[in-house]
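K.L.:
The following comprises the amino acid sequence and a computationally predicted model.
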2 protein chains.
Amino acid sequence: MTERISSVETLDVRFPTSLHRDGSDAMNPFPDYSAAYVVLRTTSGAEGHGLVFTVGRGTEIAVAAMRSLAGMVVGQSVEELLADPGALARRLTGDSQIRWLGPEKGVVHMAAGGLVNAVWDLAARRAGKPLWKLLAGLTPEQLVAQIDFRYLRDALTEDEALALLRGAAGGRADRERMLLERGYPAYTTTPGWLGYDDEKLARLCRESVDAGYELIKLKVGGNLADDVRRLGIARQAVGPKIRIAVDANQIWGVPDAIGWMRELSSFDPYWIEEPTSPDDVLGHAAVRRAVAPVKVATGEHCQNAVMFKQLLQADAIDVVQIDACRVAGVNENLAILLLAQKFGVPVCPHAGGVGLCELVQHLAMFDFVAVSGSTEDRAIEYVDHLHEHFVDPVRISGGRYLAPTTPGMSAQIVPASLAAFRFPDGPEWAAADDQPLTTVA
Amino acid sequence: MTERISSVETLDVRFPTSLHRDGSDAMNPFPDYSAAYVVLRTTSGAEGHGLVFTVGRGTEIAVAAMRSLAGMVVGQSVEELLADPGALARRLTGDSQIRWLGPEKGVVHMAAGGLVNAVWDLAARRAGKPLWKLLAGLTPEQLVAQIDFRYLRDALTEDEALALLRGAAGGRADRERMLLERGYPAYTTTPGWLGYDDEKLARLCRESVDAGYELIKLKVGGNLADDVRRLGIARQAVGPKIRIAVDANQIWGVPDAIGWMRELSSFDPYWIEEPTSPDDVLGHAAVRRAVAPVKVATGEHCQNAVMFKQLLQADAIDVVQIDACRVAGVNENLAILLLAQKFGVPVCPHAGGVGLCELVQHLAMFDFVAVSGSTEDRAIEYVDHLHEHFVDPVRISGGRYLAPTTPGMSAQIVPASLAAFRFPDGPEWAAADDQPLTTVA
């Protein structure tokens, strides 16, 4: 009998991180790191796990979107799905009625990504490989066939993508060995949340350097005097050689971004992240021209490959920050990695939250082995929150991500955590004395 | 006692338009015009109606989003809401947790727009005026205060917006009288759906000219030979003086758009609408440079004012096609109208579907009276579908929209239609012998 997807289970899981202001920034003062979580099950009892990262309220909308899309997955032949996850990605993002709600953006697109990633997780488990290794073992032709080039060909054609991948074929085995031995560089945002006091900031900065990080990141944009003070504390704590990136989380308009960054320039910030609306390609380009040599980084809220394409075409960014859960899954991220390589812009993935580190490490490591062939000026964001809830959590050593070796995409949350933090009826929520801000004020 | 919003009722209403291929285009072969419908009720028994237009599957996600946002509306003081709908718009689009799902795009943004528009409907009913007249009676200062300029100031500042509105103050009364006497120009898409045969196309083209339309629109992008034949039929039917716009509904990448439009240029198309991804500002600019003097139009899928800002900054479009239900309601459309005026680009609103004509006419008429002061090269799209379901349907005469005079935003669907077409349990759905394609294939 043909093995088929027998069920798509969806769950709303929320962690009350707002209680301690972990993850607090200028636009997200009180996030409750959450996930619209999905489990595909097959008629043979196999599973694929995926998640859409969210920050609390609204997770129920992402779950609703995933449920609406689930009808396109249930009953499908597993062999056909795993042979071509790109076909599913195109069906999910191209459905002629549902695409009215996007197209290719927002909740519906994120939900599609959760399902597509769950299929890749299943594929990698089935292959007995971590996802990065499964991807790195595909041929250039197989990889290119996984990408929807409809709106990309003015910047990257199929032939150009093939040439990039073939050009990176030499040395793959060496790089895979290096990756397994030494891991992939990380940078850390742990010290820099806006909600932390100065003492905690200084202590965490020092601890980051001691732990081997060469790049740390501070949130900015709440109050200029505070930012000047905090950057001064951080610079003093880490010394002149450690890179300090700053992140405004979209708080500014273009003129504000330029003015504010001029005030911070004496602290030698390495990049300014999300200086303005993630939709503002031309705005990012204007900020970049004005704040150079400070770099401009963005991507965690970049809705799809069409936007990344334009950020690259417009010379608007110096750093491409892919996110594992924002776009329509692995397939669209393959396109974005290839676009970045075409334009010669390094990829430093966005992570943190819950599960983002676990998922996105696979994409960065694939990029190193099979696309860019380099870790220079590249690092995956790292935040030490909530990894204990994962079956295959990231492993960090000496400021580097060690390569995962367990089959899959590392997306699985341990069953006890799913049960405890299920919203709103899990015991961690139902019993909480000190309710975080998950209901609308 | 303070009057408050006592309830927010949401409904999933779908019309089985796919049965007759009304509304069929290259990307939407079988739409079922639908609405995520909302009714605000106050403790005094007053009502405000709003809707988010959708095309079938996925309407339930828009309803879920509206339900999630409803908590920010229920219990609010009606006096405070009506005094400043912009404050509600900012709360809905700026909620620090929910904005992770956007920001300002997709389902959540559309749901915010449905709620904001319902508040404006309530405000206009309370004022005893059609919305266009309520808006046209606000002072420049009041209008500017309704707009969120955070991400717009590099293109339009508050002071510039004030100057534009003050500059249009002269002649307001004359234009209002002209509008009431003669209405506002319409163009029609009725003849041009891809699913119609040649005979129907020719007949509907002739009927459109006879009815007074000076601009008609044909869907293109399915098959080049078909497009050449259909444009030939249309051009022959209407003669050389009637403008024929064509609409590709995003089917092409940038090089395809340019090549295809060259093949159609001998039929003197007036504009090409949605030649590529609605997110591709730079792509639209490239198409525009290549296909001139054919104009480029877009907007029905333009997610927010930041994208319209860039389309204007990049000289990417000749026609701004606002949509009443895509962005966060009246307030964001005020910003877009002012941006268009600043850049000197005419606004030709997108309409059709269900309820889009009813809603958007108010914005175009306000634009004429209080912003642009002109109807030159401007027209509101008109399609003669589904108006019978509205309490205050649009009135068309001689190829023009007559100005609505009933208080409100004309968004209310008649209760019998809401009951009959409620999905999936309304009698029109439960009893249908010939089920349209609302379940996923």
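P.N.:
Perfect, thanks for sending it. Numbers count the residues shown, from 1 in each chain, chains lettered A, B, ... in the order given.

K.L.:
Name the nearest residue to the residue in the stretch 201-350 of chain A that chain B sits nearest to, ignoring sequence neighbours.
P.N.:
In the stretch 201-350 of chain A, the residue found nearest to chain B is A:V254; the distance is 3.9 Å by C-beta to the nearest C-beta. Using the backbone N, CA and C atoms, a C-beta is placed for each residue, glycine as well. Nearest residue to A:V254, sequence neighbours excluded (C-beta to C-beta, 6 or more residues apart in numbering or on different chains): B:D154, at 3.9 Å.

K.L.:
if I look at the residue of the stretch 201-350 of chain A closest to chain B, how far off is A:V296?
P.N.:
A:V254 sits 12 Å away from A:V296, going by C-beta to C-beta, to the nearest Å.

K.L.:
tell me, what's touching the two both at once?
P.N.:
Taking C-beta atoms under 8 Å, 6 or more residues apart in numbering or on different chains as the contact rule, A:V254 and A:V296 both touch A:P275, A:V287.

K.L.:
of those two, who's got more company?
P.N.:
A:V296 (27 against 23; other C-beta atoms under 10 Å in any protein chain shown).

K.L.:
Which strand or helix spans the closest residue to that one other than its chain neighbours?
P.N.:
Of all residues beyond its chain neighbours, the one nearest A:V296 is A:R288 (4.2 Å), with distances taken as C-beta to C-beta, 6+ apart. According to DSSP states H and E, A:R288 maps onto helix A:281-291.

K.L.:
Could you pull up the mean pLDDT of that helix?
P.N.:
Averaging pLDDT along helix A:281-291 gives 98.

K.L.:
Over to stretch A:329-344?
P.N.:
Mean predicted confidence for stretch A:329-344 is 98.

K.L.:
Go through it and flag the buried ones.
P.N.:
Judged by neighbour count using 16 or more other C-beta atoms under 10 Å in any protein chain shown, the buried positions of stretch A:329-344 are A:329-343.

K.L.:
Just the local confidence number for A:A431, please.
P.N.:
For A:A431, the predicted pLDDT is 70.

K.L.:
Next, count neighbours for it.
P.N.:
By other C-beta under 10 Å, neighbour count at A:A431 equals 8.

K.L.:
out of everything not next to it in sequence, what's closest to the residue in chain A that chain B sits nearest to?
P.N.:
Chain B sits closest to A:G106 of chain A, with a gap of 1.9 Å, by C-beta to the nearest C-beta. Of all residues not flanking A:G106 in the chain, B:G106 sits nearest, at 1.9 Å (C-beta to C-beta, 6+ apart).

K.L.:
now chain A, which segments are flagged as low pLDDT?
P.N.:
Residue ranges of chain A with pLDDT under 70: A:21, A:432-441.

K.L.:
Please repeat the previous calculation with a cut-off of 90.
P.N.:
Along chain A, segments meeting pLDDT under 90 span A:1, A:17-31, A:190, A:192-196, A:430-441.

K.L.:
Find the residue at the geometric middle of it.
P.N.:
Centroid check for chain A by C-alpha atoms, centre = their mean gives A:D323 as the closest residue, at 2.4 Å.

K.L.:
ok so, going back, from A:I244, how far out is the residue nearest to A:V296?
P.N.:
18 Å.

K.L.:
Strands along chain A, start to end?
P.N.:
A:5-14, A:34-42, A:47-54, A:184-192, A:215-219, A:243-247, A:269-273, A:295-298, A:319-320, A:380-382, A:396-397, A:400-401 (DSSP state E).
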